[in-house]
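A.B. asks: here's my sequence, what's the structure:
(one chain, ligands or ions: 3)
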Amino acid sequence: MKVQKFGGSSLADGDRIKNTVKIIQSENERVFVVLSAMKGITNLLLEASSSAENGDKNYINNLQAIRDQHYNAIEVLFEGKDKQPVIESVNTLIGELKDILHGVELVQECSLRTGDLIMSFGERLNCTVTAAYFNSLGQKSEMADARDMIVTDDHYGSSNVFLDRSYSRIRERLSDPETLYIITGFIASSEKGITTTLGRNGSDYTASLIGAAMNADIVEIWTDVNGVLTADPRIVDNAHTIPRLTIEEAMELSYFGAEVIHPYTLMPTVEKNIPVVIKNTLNPSNKGTIIGTGPVIRERAITGIASIDSVSFINVEGGGMLGIPGIASSIFSALAEAGVNIIMITQASSEHSICIVIRSSEVEKAVSYLEKKLEYEIKTKKINRIDVKNNLEIIAVIGENMKGMTGISGKLFSSLGNSGVNILAIAQGSSERNISLVIENRDKETALNTIHKTFIA
Ligand code: ADP
Ligand code: ASP
Ligand code: MG
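C.D. replies: Ligands and ions are numbered 1, 2, ... in the order given. Below you'll find the model as predicted:
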């Protein structure tokens with residue numbers, strides 16, 4: 001039995017949904033289907049909530065665009081058939097969404113909690129339409145709302161899943177062997193039954209949770225490229241498929257921005273030894289990428305390159321930091337209290353400065369917590385300044401083969417130097433599987449292409 005997850009890119013319109021349904025129907029084994037929202041819908045929902053929060057009536061246009069995209073798909077999918085029941089189901093959901101957005105407009109406030117509820121409509125609408133389409137083809141199907149199965153904490157916007165409780169609920173809910181379940185990706189609910197989400201791109205994670213709960217033989221993530229590629233294909237033209245990835249490599253790549261899989265996807269499947277395969281709905285015969293346990297033989301030092309946009313670094317600097325063990329700990333606890341995620345850390349051995357790389361959207365909060373926490377050190381001049389540099393990019397070079405190989409960093413830095421890319425900070429993971437560099441945003445394309453050409457292409 002397998003889990004097949006299809007992302008928004010495979011569900012852009014009625015024709016794409018038809019194509020996806022053909023892939024599902026061509027399976028001989030039992031399949032559990034996990035779907036994202038239709039392409040672009042989650043972004044429209046986000047935009048709608050921020051317009052409504054600002055008292056801007058424009059959210060009505062987004063609502064219409066969302067409704068029309070589903071209506072258009074229904075036109076294609078139910079051609080010559082009775083569309084009324086599915087139109088009614090869509091209208092009910094759109095009506096509910098409109099009421100919520102109107103509420104947000106009235107109070108001019110949209111908490112993360114309300115945001116999660118608003119975003120949940122994307123997956124719910126899509127699964128409602130697709131399950132109805134299967135039924136219209138004579139296949140017994142049911143939309144299965146993940147909020148009845150996946151239990152999380154109430155960290156709205158990106159909640160943490162309680163695995164065991166979720167697994168037993170999943171097994172309970174998906175118990176009829178005759179029914180094809182169309183499961184909503186991305187969404188879940190808290191212990192109190194409030195709607196939560198697993199973070200952007202979270203449907204991949206939903207698929208692996210379902211796979212682990214049902215003891216599936218394989219989890220397939222279907223998208224619009226031939227698996228995990230050596231680099232982001234939008235930036236590096238000759239990026240190509242990596243046929244096999246170790247779990248660690250795949251985790252590093254996704255953590256450092258290869259959005260083709262959500263970073264948490266592999267956690268549930270690793271535990272149960274379930275392989276994850278990334279495939280292309282536009283090219284189903286391509287083998288894609290297999291991520292699984294076991295060693296992989298490689299010719300190249302570097303397996304893939306990933307990057308994270310819009311990061312900033314904060315440099316905490318001062319002569320008085322020398323040998324004072326407490327400062328690093330104060331910095332980390334200040335950021336933890338602020339709820340800011342540290343992506344990368346470097347400290348020069350002179351101990352005069354610690355450099356932390358975080359998302360630019362969190363800089364303001366981070367600095368204000370740091371200034372509060374380090375008030376005494378700043379007053380006593382142990383710390384001279386806290387500098388911020390914006391518009392940066394992290395490039396992560398990843399590969400199991402880098403372990404123990406000499407000369408890679410040298411070649412990496414000299415190739416970038418020759419291309420005129422200035423490196424602002426460097427970190428190497430102790431696993432030796434990852435070298436991360438911070439560069440200016442504007443050098444991103446040159447850097448990715450240079451590294452790809454030097455080590456991969
Ligand atoms: P889906 O809608 O199927 O979830 P996503 O847009 O989330 O798809 O992820 C697929 C996209 O990720 C690809 O279209 C590609 O542009 C982008 N991407 C970035 N880095 C990589 C990479 N290393 N390998 C493959 N795709 C990548
Ligand atoms: N629809 C959600 C998003 O756009 C989840 C997903 O696509 O995986 O982030
Ligand atoms: Mg995705």
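A.B. asks: and whichever residue of the chain sits closest to ligand 1, how close does it get to ligand 3?
C.D. replies: Closest residue of the chain to ligand 1, CB to the nearest ligand atom: G7 (2.0 Å). C-beta here means a position set from N, CA and C on the backbone, and glycine is covered the same way. For G7, the distance to ligand 3 equals 4 Å [CB to the ion, to the nearest Å].
A.B. asks: can you give me the neighbour number for that residue?
C.D. replies: Here the number of neighbours of G7 (other CB atoms under 10 Å) works out to 25.
A.B. asks: likewise Y264?
C.D. replies: Y264: 21 neighbours (other CB under 10 Å).
A.B. asks: thinking again about what came up before, my read is that the residue of the chain closest to ligand 1 contacts M38, right?
C.D. replies: No: counting by CB atoms under 8 Å, G7 sits too far from M38 to count as a contact (10.3 Å).
A.B. asks: tell me what T346 is bridged to.
C.D. replies: Taking DSSP bridges, one obtains C355 as the residues bridged to T346.
A.B. asks: contact partners for it?
C.D. replies: 354-355, 425-427 (CB atoms under 8 Å, 6 or more residues apart in numbering).
A.B. asks: need the helices for this structure, in chain order.
C.D. replies: 14-25, 41-53, 59-77, 84-107, 112-136, 163-173, 203-213, 247-255, 266-271, 325-338, 363-373, 375-379, 408-418, 444-451 (DSSP state H).
A.B. asks: report the buried residues of the fourth one.
C.D. replies: Within helix 84-107, the residues that qualify as buried are 86-87, 89-90, 93-94, 97, 100-101, 104-105, counting by 16 or more other CB atoms under 10 Å.
A.B. asks: where does the chain have low pLDDT?
C.D. replies: 322-325, 348-351 (pLDDT under 70).
A.B. asks: how about the residues of it near ligand 3?
C.D. replies: 7, 201 (CB under 5 Å from the ion).
A.B. asks: get me the contact residues on the chain for ligand 1.
C.D. replies: 7-10, 36, 201, 223-225, 228-229, 231-234, 258-260, 304 (CB under 6 Å from any ligand atom).
A.B. asks: let's see which of the residues you listed end up in strands.
C.D. replies: 223, 304 (DSSP state E).
A.B. asks: let me see the contact set for S361.
C.D. replies: S310 are the contacts of S361 under CB under 8 Å, 6+ apart.
A.B. asks: return the distance of it relative to I290.
C.D. replies: 35 Å (CB to CB, to the nearest Å).
A.B. asks: now do I74
C.D. replies: 36 Å.
A.B. asks: what's the spacing between the residue in the stretch 101-250 of the chain that ligand 2 sits nearest to and M405?
C.D. replies: Of all residues in the stretch 101-250 of the chain, S203 sits closest to ligand 2, at 3.2 Å by CB to the nearest ligand atom. S203 is 36 Å from M405, where distance means CB to CB.
A.B. asks: more neighbours: which of the two?
C.D. replies: Remark: of S203 and M405, S203 carries more neighbours, 28 against 12, as counted by other CB under 10 Å.
A.B. asks: skip the chain neighbours and tell me the closest residue to the more buried one.
C.D. replies: Of all residues not flanking S203 in the chain, G185 sits nearest, at 2.5 Å (CB to CB, 6 or more residues apart in numbering).
A.B. asks: and what of G288?
C.D. replies: G227 (3.5 Å).
A.B. asks: and for the one you found, the neighbour number?
C.D. replies: 24.
A.B. asks: list the contacts for it?
C.D. replies: 241-243, 260, 277-280, 286-289.
A.B. asks: cool, and R30?
C.D. replies: Contacts of R30 (CB under 8 Å, 6+ apart): 1-2, 177.
A.B. asks: cutoff 10 Å now
C.D. replies: By CB atoms under 10 Å, 6 or more residues apart in numbering, the residues touching R30 are 1-2, 177, 180, 214, 216-217.
A.B. asks: where does it fall, phi/psi-wise?
C.D. replies: The phi and psi values for R30, taken as degrees, to the nearest 10, are phi -70, psi 140.
A.B. asks: returning to what we had before: most neighbours, which of the contacts of R30?
C.D. replies: Most surrounded of the contacts of R30: other CB under 10 Å gives A216, at 24 neighbours.
A.B. asks: how many other residues sit next to the residue lying closest to it once chain neighbours are set aside?
C.D. replies: In space, and not counting its chain neighbours, A216 is closest to V3: 5.0 Å by CB to CB, 6+ apart. By the criterion of other CB under 10 Å, V3 has 27 neighbours.
A.B. asks: show me what V3 is bridged to.
C.D. replies: F32, V219.
A.B. asks: likewise L229?
C.D. replies: With DSSP bridges as the rule, L229 is bridged to T241.
A.B. asks: burial count for the closest residue to F313 other than its chain neighbours?
C.D. replies: Leaving aside its chain neighbours, F313 sits nearest to V357 (4.8 Å; criterion: CB to CB, 6+ apart). V357 sits with 23 neighbouring residues when counted by other CB under 10 Å.
A.B. asks: next: Y369.
C.D. replies: 19.
A.B. asks: state the distance from it to S333.
C.D. replies: Distance check for Y369 against S333: by CB to CB, it reads 9 Å.
A.B. asks: what does I170 give?
C.D. replies: Applying CB to CB to I170 and S333 gives a distance of 36 Å.
A.B. asks: pick the one among the contacts of T346 closest to E249.
C.D. replies: For those, the minimum distance to E249 (CB to CB) is 17.3 Å, reached by A427.
A.B. asks: that closest one and I331: what is the separation?
C.D. replies: 16 Å.
A.B. asks: okay, those two: which has more neighbours?
C.D. replies: The neighbour comparison of A427 against I331 (other CB under 10 Å) goes to I331, with 24 against 18.
A.B. asks: mind listing what the more buried one touches?
C.D. replies: Contacts of I331 (CB under 10 Å, 6+ apart): 314, 316, 321, 342, 345, 354, 356, 366, 369-370, 373-374, 383, 386.
A.B. asks: mind checking how far it is from G339?
C.D. replies: I331 is 15 Å from G339, by CB to CB.
A.B. asks: got it, and N384?
C.D. replies: Distance from N384 to G339, by CB to CB: 27 Å.
A.B. asks: neighbour count winner among those two?
C.D. replies: N384 (16 against 11).
A.B. asks: could you pull up phi and psi at the more buried one?
C.D. replies: Given degrees, to the nearest 10, the pair of backbone angles that N384 has is phi -80, psi -40.
A.B. asks: quick one, what contacts the closest residue to it other than its chain neighbours?
C.D. replies: Spatial nearest neighbour of N384, excluding adjacent residues (CB to CB, 6+ apart): G318 at 4.3 Å. Neighbour list for G318: 324, 327, 352-354, 374, 377-378, 380-386 [criterion: CB under 10 Å, 6+ apart].
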